[in-house]
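With the input below, show me the fold.
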Amino acid sequence: MFILIIQADNRDEICPKENRNYIGGCYGKKIIGIDLGGTTVKLAVLTVEGAIERQWSIITDTSEGGINIIGDIVATLKEHLHKFQIDLKDIVGIGMGSPGQVDCKEGTVTGAYNLGWWCKQHVRSIFEDAFGLPFYLDNDANVAAMGERWKGAGAEADDIIFVTLGTGVGVGIIVDGKLVHGATACAGEIGHIVVDPGGFQCTCGNRGCLETVASATGIMNLTKVELSRSQAESQLKILANNGKIDAKDVFDLAKSGDVLAQAIVDRFAFYLGLACGQLANTLNPRYIIIGGGVSKAGEFLKNKVEEQFSNFVLPTVKDRTELRLASLGNEAGVIGAAGLVIL
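The predicted structure is shown next:
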């Protein structure tokens, strides 16, 4: 089988910039975007302008060390391309976002433990063997940042930071229009910036990391502490005594005026505002975009974080750095993955 491999700096050869704005895409060609998650894999067929034409998802099979994951993606992609009557010659390339440490040059993933991938996975070579198309791979937070910059809240700014708040804290950084990876592809691990020395134990081995206090896990850590020491009457306390609560419950009750829940959210916002302030002082982005499941708290959360952010950022930086909520939701991953191919 003939395999076409095109490096990232030759993308104008795939689709020259002057042809990228044609209605219907570059000569009508398509891009495949894949968002690999621990629960589901989202896939989409997009135009080179970033418009989703078809999308679907499959369950991520993490059994047996995730040995079936890539094979399942290849199989469903072949099935749906046949179903949609899309010829491989009409596809510009395939992009994918993955958890774990991604080596973009090698096209490998290491340490995606939620997938069962403890050993290095040679992802790119499998896709190139299966389809004979250019394949691009990056970390899922980086890919979401790319999506928001291309078609979302980033408004095509050259300097943005995307912060995703889920079980942990992930970050994608774009400087001068390019993703920042670092020497070992670990740039952007702000979830492990220590913001509370001696605080909660983190999965990385340190204490007081940002994600122990500013994630879905973090807000529950803060909630346990407040519930144990507060004597205030609170609907949150009643709810906790009657059953399991989650981050959404805390934010919902804070919005309704529950004093205890408000104290927890204020503490959460303090840590996140502190971290965002230091990022802004260091990188001077145009936008800091907040996404992920916790961001569903919306403007209420953003306003709380902005209040704290303003206390920690230089005035000259604050004047030009805007906090925004992510706008693409679950589609950021597939859009950003497609962006890896064409941008």
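
how close does the nearest residue to residue 294 once chain neighbours are set aside get to residue 40?
Residue nearest to residue 294 in three dimensions, not counting chain neighbours: residue 165, with 3.7 Å by Cβ to Cβ, 6 or more residues apart in numbering. Backbone N, C-alpha and C define where each C-beta goes, glycine included. Using Cβ to Cβ, to the nearest Å, residue 165 is found at 19 Å from residue 40.

which residues of the chain fall in helices?
Along the chain, the segments classed as helices by DSSP state H run 11-14, 69-83, 123-131, 140-151, 216-229, 235-242, 247-255, 259-283, 299-312, 315-318, 332-342.

right, so of these, which gets closest to residue 189?
Ranking the helices of the chain by proximity to residue 189 (Cβ to Cβ) places helix 140-151 first, at 9.4 Å.

so how far is the closest one off the chain centroid?
Relative to its chain's centre, helix 140-151 lies at 7 Å (Cα atoms, centre = their mean, to the nearest Å).

Same question for stretch 61-70.
Remark: stretch 61-70 is offset 22 Å from the chain centroid, using Cα atoms, centre = their mean.

cool, and stretch 37-57?
That offset, for stretch 37-57, works out to 15 Å (Cα atoms, centre = their mean).

So which bits of that stretch are buried?
37-38, 41-50, 55, 57 (16 or more other Cβ atoms under 10 Å).

and stretch 212-225, average pLDDT?
The average pLDDT for stretch 212-225 rounds to 95.

Show residues contacting it.
165-169, 191, 195-196, 199-202, 210-211, 236, 240, 245-247, 250-251, 264-265, 267-268, 271-272, 275, 293-294 (Cβ atoms under 8 Å, 6 or more residues apart in numbering).

can you do 7 Å?
With contacts defined as Cβ atoms under 7 Å, 6 or more residues apart in numbering, stretch 212-225 is touched by 165-169, 195-196, 199-200, 202, 211, 247, 250, 264, 267-268, 271-272, 275, 293-294.

partner residues bridging the residue nearest to residue 294?
residue 169 (DSSP bridges).

wait, it sits on residue 295?
Yes - shown here, residue 165 and residue 295 form a contact pair, counting by Cβ atoms under 7 Å, at 5.8 Å.

who's more crowded, those two?
Under the criterion of other Cβ atoms under 10 Å, the comparison of residue 165 against residue 295 puts residue 165 first, with 27 against 18.

which ones are touching that one?
Residues counted as contacts of residue 165 (Cβ under 7 Å, 6+ apart) are 214-215, 290, 292-295.

In this structure, where is pLDDT below threshold?
1-27 (pLDDT under 70).

domain parsing for it?
What automatic domain parsing lists as the domains of the chain is 8-151+331-342, 160-326.

For residue 74, grab the count of nearby residues.
Residue 74 has 15 nearby residues by other Cβ under 10 Å.

how close does it sit to residue 162?
In terms of Cβ to Cβ, residue 74 sits 28 Å off from residue 162.

what does residue 173 give?
Distance from residue 173 to residue 162, by Cβ to Cβ: 8 Å.

who's more crowded, the two?
Taking other Cβ under 10 Å, residue 173 and residue 162 do not tie; residue 162 has more neighbours (33 against 24).

who's in contact with residue 151?
Going by Cβ under 7 Å, 6+ apart, residue 151 touches 50, 328, 335.

Check the spacing between residue 101 and residue 253 real quick.
With Cβ to Cβ as the criterion, residue 101 and residue 253 are 37 Å apart.

between those two, which one's more packed in?
residue 253 (22 against 17).

Now the more buried one. Nearest residue, chain neighbours left out?
residue 261 (3.8 Å).

I appreciate the help and will end here.
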